[in-house]
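Chemist: can you look at this prediction? I've put the sequence above it.
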Amino acid sequence: MAVYTTVSSEALGVFLEDYDIGAALSCVGIAEGIENSNYLLTTPLGRYILTLYERRVNAAELPWFLGLMQHLAAHGLACPTPVIGHDGEALRQLEGRPAALTTFLPGRPVSVIDTIACHALGAGLARLHALGRGYEAERPNTLGMASWAKLLAACGDAGEQLRAGLTTVVSDEICVLVAEWPALDRLPRGQIHADLFPDNAFFQNDALSGIIDFYFACTDFLAYDLAICLNAWCCPDDARPQQALIQAMLDGYESVRPLEDGEWEALPTFCRGAAIRFLLTRLYDWGHTPDGAVVTRKDPLAYWRRLMAWREMAGVLKRG
Ligand SMILES: Nc1ncnc2c1ncn2[C@@H]1O[C@H](COP(=O)(O)OP(=O)(O)OP(=O)(O)O)[C@@H](O)[C@H]1O
Ligand SMILES: N[C@@H](CCO)C(=O)O
């Protein structure tokens, strides 16, 4: 459940006066998600998503995220489009939080991840990367490789409590990854989603109908974004990567943007890195979620198991 901030009908009424979408017919909190408060808002003009930004999002960076969504939507990607108010702005305040309205996307996350979904997702990710090229402003990846050692330290003994020896293995792995990580100018970089998990991709009739939740988007290696998706989509039961799903996603991606030789070479490193990134943020949340918070913590060990599997299975990431 993620509704951290309650919106009163009075405050909502005042908020909506800044737009041309009419008054609220209903505004219902959305249970999914862990980062922000989301409401499904219905007005006479249709459905919208009202987001109040809560946790890891830095308010100063919101114009960059909203600008990226606007750019991608304008260039044909099915993603939420920020709704602009009378003052020309998409971002304003509601109940003391930064808040924005975006368009509602039809579709649902897939209930079973299969090769059809992985192929479609791979192609959609490559399209996102291609369309992102025209959005010039850069946003560094604040959860990138350079942040991991510090994040691990901030997790304190949460790792040891979950699994004896975890902290040392992860710390050693970070050192290996730092040494292996490609130099910035070696591989294609651009705007990446950086959190394109199955709950952030909507499907209708087996086709990808929309991509949501751009609030970890940043400028980084494009193939690293693919590695994030290989972790999030291709490991059924949160365990070992499955060859058929991986192949489908890579084929889908390459049907839009073929990978360069250097990207193929870096993919095993990026897959281990992506596993570390989500292991660390989940571990941090494991130790820092306040008692009684209405949010479901995600299992850090699911990404520990992926990390262990990628260490043994680099071979499945070779060009077919
Ligand atoms: N544009 C949209 N159209 C339709 N539904 C949406 C849209 N944006 C968000 N939702 C709904 O709200 C839920 C939460 O949104 P979102 O994933 O952006 O939240 P979050 O708190 O940032 O989550 P996460 O934990 O994935 O970072 C989604 O699972 C979806 O059900
Ligand atoms: N997708 C992330 C949570 C949202 O950022 C995870 O599953 O750990």
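Modeler: Sure thing, it's come through. Numbering: from 1, shown residues only. Ligands and ions are numbered 1, 2, ... in the order given.
Chemist: okay, now the unreliable bits of this structure?
Modeler: Where the chain drops to pLDDT under 70, the residues are 1, 290-295, 320.
Chemist: and the longest helix for it?
Modeler: Secondary structure of the chain read by DSSP state H shows that its longest helix is helix 261-288.
Chemist: domains in this protein, by residue range?
Modeler: 9-103, 115-317 (automatic domain parsing).
Chemist: may I see these organised as TSV, with mean neighbour count added?
Modeler: For every residue, glycine as well, the C-beta is placed using N, CA and C. Shown next, in TSV, are the domains of the chain (neighbours: other C-beta atoms under 10 Å):
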stretch	mean neighbour count
domain 9-103	17
domain 115-317	18
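Chemist: what's the closest of these to ligand 1?
Modeler: For ligand 1, the closest of these is domain 9-103, at 2.6 Å, according to C-beta to the nearest ligand atom.
Chemist: do the closest one and ligand 1 come into contact?
Modeler: Yes - contact between domain 9-103 and ligand 1, assessed by C-beta under 6 Å from any ligand atom, occurs at I30, E32, G33, I34, E35, N36, N38, I49, P80, T102.
Chemist: correct me, but the first one touches L40?
Modeler: So that's I30. Yes - look at I30 against L40 with C-beta atoms under 8 Å: they come within range, at 5.8 Å.
Chemist: just put the domains of the chain in JSON lines and tack on distance to V3.
Modeler: Below are these laid out as JSON lines (distance: least, C-beta to C-beta, whole Å):
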{"stretch": "domain 9-103", "distance to V3": "4"}
{"stretch": "domain 115-317", "distance to V3": "7"}
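Chemist: so which of those domains is nearest P109?
Modeler: domain 115-317 (5.2 Å; C-beta to C-beta).
Chemist: kindly check the end-to-end length of that closest one for me.
Modeler: Domain 115-317 has an end-to-end distance of 16 Å (C-alpha to C-alpha, to the nearest Å).
Chemist: what's the answer for stretch 157-166, then?
Modeler: Using C-alpha to C-alpha, one end of stretch 157-166 lies 10 Å from the other.
Chemist: L77 - nearest residue in space that isn't next to it in sequence?
Modeler: L131 (5.3 Å; C-beta to C-beta, 6 or more residues apart in numbering).
Chemist: same thing with R133?
Modeler: Using C-beta to C-beta, 6+ apart, the closest residue to R133 is G190 (5.8 Å).
Chemist: tell me which parts of the protein are close to ligand 1?
Modeler: So far as C-beta under 6 Å from any ligand atom goes, the chain lies against ligand 1 at 2, 30, 32-36, 38, 49, 80, 102, 104-105, 199-200, 212-213, 215.
Chemist: give me the subset of these touching ligand 2.
Modeler: When C-beta under 6 Å from any ligand atom is applied, the members of the residues of the chain next to ligand 1 adjacent to ligand 2 are I34, E35.
Chemist: the residues of the chain next to ligand 1 in strands, which ones?
Modeler: Taking DSSP state E as the definition of strands, the residues of the chain next to ligand 1 contribute N38, I49, T102.
Chemist: report the contact partners of the first one.
Modeler: For N38, the residues meeting the contact criterion (C-beta atoms under 8 Å, 6 or more residues apart in numbering) are A2, V3, G29, I30, E32, I49, L50, T51.
Chemist: please tell me how far the last one sits from Y4.
Modeler: Per C-beta to C-beta, to the nearest Å, T51 is found 11 Å from Y4.
Chemist: identify the contacts common to the two.
Modeler: Joint contacts of T51 and Y4 (C-beta under 8 Å, 6+ apart) are N36, S37.
Chemist: can you give me the strands for this protein?
Modeler: Remark: strands assigned in the chain by DSSP E are 26-29, 37-43, 46-52, 91-94, 97-103, 189-192, 201-204, 207-211, 218-221.
Chemist: could you dump those strands into TSV and include distance to G144?
Modeler: Shown next, in TSV, are those (distance: least, C-beta to C-beta, whole Å):
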stretch	distance to G144
strand 26-29	32
strand 37-43	26
strand 46-52	24
strand 91-94	25
strand 97-103	24
strand 189-192	10
strand 201-204	22
strand 207-211	21
strand 218-221	6
